[in-house]
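Novice: Model the following, please.
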Amino acid sequence: MDDDADKQSLAQDPSGTDPELESLPRPRRPGRRLTLAIMALTALLSLATAWLLRNEALYTFQAGHPFELGEVGKARLSEQLTNRWVKGHGGLTARGAIRYQRPLEHDSYELARVDGSLPVWVQVLIPAAVEPERFVPPEHFVGRLIPVAKAGLRFGALDKAVAEAGAPRLPEGAWLLIDGESPKSTGWALALVTMLLGFAGFNVWGLVRLLRPVRGL
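Specialist: This is a model prediction of the structure:
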């Protein structure tokens, strides 16, 4: 008799749901909300970091020989030279030059302006085996040329480092030539961006799966 009553009740309810179960309060699921928040935050951070590393990743695809700039201080800079592998020569002025070191690296770096009227700064490597006092800056450079404003995550605090060293801040529209940085040397950025995009895609897919309403059987 009970089975017949249940069948009759379901037959009267076209949705096939039990009114008594529907009247119960929804269960609290704080763990689910935390999971959704973490997944959303991870997706956003992954996309933001990938965006900041985009120029390093795109630089990996540079092919052929470096573009010849000639004398760097007299080169005509344009948008076409942004994030390009270039080759040039010129003297570096000691006035306003700074030296700094990055965490977990034994080598240090020198950042100096190129002699001339254009606001081009060059970062050169100072090997750990060379005493900084005896370091002679090179006059020929081969590396990545990019505006400081688009230099990316690694050089985001460059202006602050210059100011902390007591040197004048880099002028607006300044360019940076990273000596020794070839397209092959930034392959790590392409791999990292690919991984970050994978993280973001996985978390977005998980959010869609978790938030999608469950279809009735």
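Novice: C-alpha from now on. contacts and neighbour counts both.
Specialist: Noted.
Novice: residue boundaries of the helices in this structure?
Specialist: Per DSSP state H, the chain carries helices over the ranges 2-12, 19-23, 30-52, 54-59, 158-164, 187-211.
Novice: what's in contact with the last one?
Specialist: Residues lying outside helix 187-211 but in contact with it, judged by C-alpha atoms under 8 Å, 6 or more residues apart in numbering, are 36, 39-40, 42-44, 46-47, 49-50, 53-54, 56-58, 60.
Novice: quick one, that helix and helix 30-52 angle?
Specialist: 150 degrees (axes from the mean of the first three to the mean of the last three C-alpha atoms, to 10 degrees).
Novice: in helix 187-211, what counts as buried?
Specialist: Using 16 or more other C-alpha atoms under 10 Å as the test for burial, helix 187-211 gives 187, 189, 190, 193, 196, 197, 199, 200, 203, 204, 207.
Novice: repeat for the third one
Specialist: Along helix 30-52, these residues count as buried under the neighbour rule (16+ other C-alpha under 10 Å): 36, 39, 40, 42, 43, 44, 46, 47, 49, 50, 51, 52.
Novice: Export the residues you listed to a markdown table and append columns for distance to residue 64 and pLDDT.
Specialist: Shown next, in a markdown table, are those (distance: C-alpha to C-alpha, whole Å; pLDDT from 0 to 100):
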| residue | distance to residue 64 | pLDDT |
| --- | --- | --- |
| 36 | 46 | 88 |
| 39 | 41 | 92 |
| 40 | 41 | 94 |
| 42 | 37 | 94 |
| 43 | 36 | 95 |
| 44 | 35 | 96 |
| 46 | 31 | 96 |
| 47 | 30 | 96 |
| 49 | 28 | 94 |
| 50 | 26 | 95 |
| 51 | 26 | 94 |
| 52 | 25 | 92 |
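Novice: any weak-confidence spans in this protein?
Specialist: Applying pLDDT under 70 to the chain flags residues 1-30, 117, 165, 168, 214-217.
Novice: re earlier: of all pairs in the buried residues of helix 30-52, which one is the farthest apart?
Specialist: By the measure C-alpha to C-alpha, 36 and 52 form the most distant pair in those, at 24.6 Å.
Novice: got the buried residues of helix 187-211 as TSV, with distance to residue 153 columns?
Specialist: Below are the buried residues of helix 187-211 laid out as TSV (distance: C-alpha to C-alpha, whole Å):
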residue	distance to residue 153
187	15
189	11
190	14
193	12
196	14
197	16
199	19
200	18
203	23
204	24
207	28
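Novice: now, among those residues, which is nearest to residue 154?
Specialist: When the buried residues of helix 187-211 are compared for distance to residue 154 (C-alpha to C-alpha), residue 189 wins out at 10.9 Å.
Novice: how close does that closest one sit to residue 80?
Specialist: 22 Å (C-alpha to C-alpha, to the nearest Å).
Novice: again, but for residue 57
Specialist: Distance of residue 57 to residue 80, computed by C-alpha to C-alpha: 17 Å.
Novice: Kindly report the same for residue 213.
Specialist: Between residue 213 and residue 80 the distance is 49 Å, computed by C-alpha to C-alpha.
Novice: hey, what's the spatially closest residue to residue 123 that is not a sequence neighbour bridged with?
Specialist: Closest residue in space to residue 123, ignoring its immediate chain neighbours: residue 111 at 4.5 Å, by C-alpha to C-alpha, 6 or more residues apart in numbering. Taking DSSP bridges as the rule, residue 111 bridges to residue 98, residue 123.
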